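Novice: Sequence first, predicted model second:
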Amino acid sequence: MKQLFSLLAGVFLLCGNALSSQEPPDELVKRVTDDVLNIVRADKDIQSGNTSKAIALVEAKVLPHFNFDRMTALAVGKDWRQASPEQKKRLSEEFKTLLVRTYSNALTAYKNQKIVYKPLKMQAGDTDVMVRTEIRQPGQQAVQLDYALETQNSAWKVYDVVVAGISLVTNYRENFAQEVRAGGIDGLIAAISAKNRQIESRNEKK
Amino acid sequence: MKKALVKSVVSLAVAASLSAGAIAADNPKDPAEGFNRAMFAVNEGLDTAIAKPLAKGYDYVAPTPVKAVVGNFFSNIADLMIGVNNLLQGKPGDALNDWGRVLVNTTVGIGGAFDIASEIGLDKNYEDFGQTMGVWGVGEGAYLFWPVIGPRTVRDTAGFVVDAYADPVPYIDDVPVRNSLIALRYIDQRAALLPTDKIIEEGALDKYAYIRDAYLQHRRNAVYDGQPPRELDMPNGKAPVELQSTPGGR
């Protein structure tokens, strides 16, 4: 009973928090990262490379804070304009699967390194910010891990993840443009879809 | 066995260069795409047959502390020239930091086996002569893919040659020691990349293009010491209009 009460209190506190003020982007990144990494640290399966388990974790904890339409538009570049709403929807869906898998695979490579959060450079009224973090490990240069966020309907959403200067989103641009040149938007959708199905069927066989 | 390997690598390369010739689009950053794809295929063959199995074996056999010592040892040797490059890039403070690391790690860190410097706040940097030339304003030039050493732009290929001359390890007189160290360093570096193999394998539609574009982005970032100007290629660096949240919409 007491537990139920504290649970309820917690829920009210959360709601109140969401209503009264918007969580700043750097605090959002820190909260989600800490949350996810605490789970990874306690999960031997994810540490030993169980991608499907990592994907479930990412889908539950990280996905709600990503803006996949924006990410897909960035990855596709100027060809995005020529896509119909239906094509955009399918593209976003397939790209989401691809990116979640990439992100989840990266998560399974996590080996208890320390994460350092850099001070946020943000001015009042900014709607687009870069939250900078660093993964530290002895004997090696720290790996930069930056998140680009923009505010949308009172919540900050990540639209790019940049690892060691490599944008996981725009890194696809040249390749996607080539697919569009070869087979149009539908060709690109088919190519991403084929890749997703290929990996899925391989993972199912295991 | 060896002959068969060479044969399969060569035929793979020929096949790749033919197919690449057919699909290669005019990418201004990659004018030598046909050649590069062929070399990429050669490298993939070598990696699958030799480097990756060695790296996996090393990763499996060596306990984590041993790997850390090996990594620290080569990192310490590299810090000397990293400091020189920082000085050449007009960052004397960073150069002092790097040489301070060598001093601390060689003495307190027992010949570079332990990275004590990082623990006392002397952070590890990474600089090479390719980056130094980038800071001086030398353009990247075409993207190239070399067997064994992998991706390098024209500028970074020149940088690599200078780095190789300045590298102390090849100057060691004792030939077996020298060769073992060169091999161990290569395997250690390859082993460090093992976790990224799966990420690239499952994330890339076209592995060659994925690695090329990641390399180019990474090097650009390195030249700017992690603070490159944003380059989103969209009008005002924003996504297409229909996706933007309306100003003041929140």
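Specialist: Received it, and whenever you're ready, just let me know what you need. Predicted model only: the values in this text are computed from it and were never measured.
Novice: Would you point out which residue of chain A is nearest chain B?
Specialist: A:Gly165 (2.2 Å; CB to the nearest CB). Yep, even glycine has a C-beta here, placed from its N, CA and C like the rest.
Novice: what about that residue, how many neighbours?
Specialist: When neighbours are counted by other CB atoms under 10 Å in any protein chain shown, A:Gly165 registers 22.
Novice: name the element the spatially closest residue to it that is not a sequence neighbour belongs to?
Specialist: The spatially closest residue to A:Gly165, leaving aside those adjacent along the chain, is B:Asn221, at 2.2 Å (CB to CB, 6 or more residues apart in numbering or on different chains). Using DSSP states H and E, B:Asn221 sits in helix B:207-223.
Novice: what helix or strand does the closest residue to B:Gly226 other than its chain neighbours sit in?
Specialist: The shortest distance from B:Gly226 to any non-neighbouring residue, by CB to CB, 6+ apart, is to A:Gln144 (5.3 Å). Of the helices and strands defined by DSSP H and E, A:Gln144 is found in strand A:140-152.
Novice: returning to what we had before: distance-wise, check the residue nearest to B:Gly226 relative to B:Thr106.
Specialist: As defined by CB to CB, to the nearest Å, A:Gln144 lies at a distance of 27 Å from B:Thr106.
Novice: surely the residue nearest to A:Gly165 meets A:Ala164?
Specialist: Yes. Look at B:Asn221 against A:Ala164 with CB atoms under 8 Å: they come within range, at 6.8 Å.
Novice: who touches both of those two?
Specialist: Counting by CB atoms under 8 Å, 6 or more residues apart in numbering or on different chains, the common neighbours of B:Asn221 and A:Ala164 are A:Gln144.
Novice: quick one: average pLDDT of the helix holding B:Asn221?
Specialist: Computed over helix B:207-223, the mean pLDDT rounds to 96.
Novice: doesn't A:Glu150 make contact with A:Arg70?
Specialist: Yes. Contact between A:Arg70 and A:Glu150 holds when scored by CB under 8 Å: they sit 7.4 Å apart.
Novice: Compare these two (neighbour count), which wins?
Specialist: More crowded of A:Arg70 and A:Glu150, by other CB under 10 Å: A:Arg70, with 24 against 20.
Novice: do you know how far that one is from A:Ser201?
Specialist: Between A:Arg70 and A:Ser201 the computed distance is 30 Å (CB to CB).
Novice: if we can go back for a sec, wait, what's in contact with the residue of chain A closest to chain B?
Specialist: Taking CB under 8 Å, 6+ apart as the definition of contact, the neighbours of A:Gly165 are A:Gln144, B:Gln217, B:His218, B:Arg220, B:Asn221, B:Ala222, B:Gly226, B:Pro228.
Novice: What of B:Asp30?
Specialist: The neighbourhood of B:Asp30, defined by CB under 8 Å, 6+ apart, consists of B:Asn36, B:Ala142, B:Tyr143, B:Arg212.
Novice: Buried only: go through these for me.
Specialist: The neighbour count (16 or more other CB atoms under 10 Å in any protein chain shown) marks B:Asn36, B:Tyr143, B:Arg212 as buried among the contacts of B:Asp30.
Novice: which of those lies closest to A:Val180?
Specialist: Taking CB to CB as the measure, B:Arg212 is the one of the buried ones among the contacts of B:Asp30 closest to A:Val180, at 17.9 Å.
Novice: distance of the closest one from chain A?
Specialist: Taking CB to the nearest CB, to the nearest Å as the criterion, B:Arg212 is separated from chain A by 8 Å.
Novice: Cross-check the contact I'm expecting between that residue and B:Thr153.
Specialist: No. B:Arg212 sits out of contact with B:Thr153 when judged by CB under 8 Å, with a separation of 10.2 Å.
Novice: Check the contact lists of these two and give me the overlap.
Specialist: Listed contacts common to B:Arg212 and B:Thr153 are B:Tyr143; contacts here mean CB under 8 Å, 6+ apart.
Novice: re earlier: which residues are common contacts for A:Arg70 and A:Glu150?
Specialist: With CB under 8 Å, 6+ apart, A:Arg70 and A:Glu150 have common neighbours A:Lys157, A:Tyr159.
Novice: Name the residues of the strand holding A:Gln144 that are buried.
Specialist: Residues of strand A:140-152 classed as buried under the neighbour-count rule (16+ other CB under 10 Å) are A:Gln140, A:Gln141, A:Ala142, A:Gln144, A:Leu145, A:Asp146, A:Tyr147, A:Ala148, A:Leu149, A:Glu150, A:Thr151, A:Gln152.
Novice: Strands of chain B, residue ranges please.
Specialist: All strands of chain B, identified by DSSP state E, fall at B:143-146, B:150-153.
Novice: which one of the ones you listed lies closest to chain A?
Specialist: For the strands of chain B, proximity to chain A was assessed by CB to the nearest CB; strand B:143-146 is nearest, at 10.9 Å.
Novice: Restricting to C-alpha, output that closest one in CSV.
Specialist: The C-alpha atoms that make up strand B:143-146 are tabulated as CSV, following Å, rounded to 0.1, in the frame of the first residue of the first chain:
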residue,chain,number,x,y,z
TYR,B,143,39.8,10.1,-51.8
LEU,B,144,41.9,7.0,-52.2
PHE,B,145,41.7,3.5,-50.9
TRP,B,146,44.9,1.7,-50.4
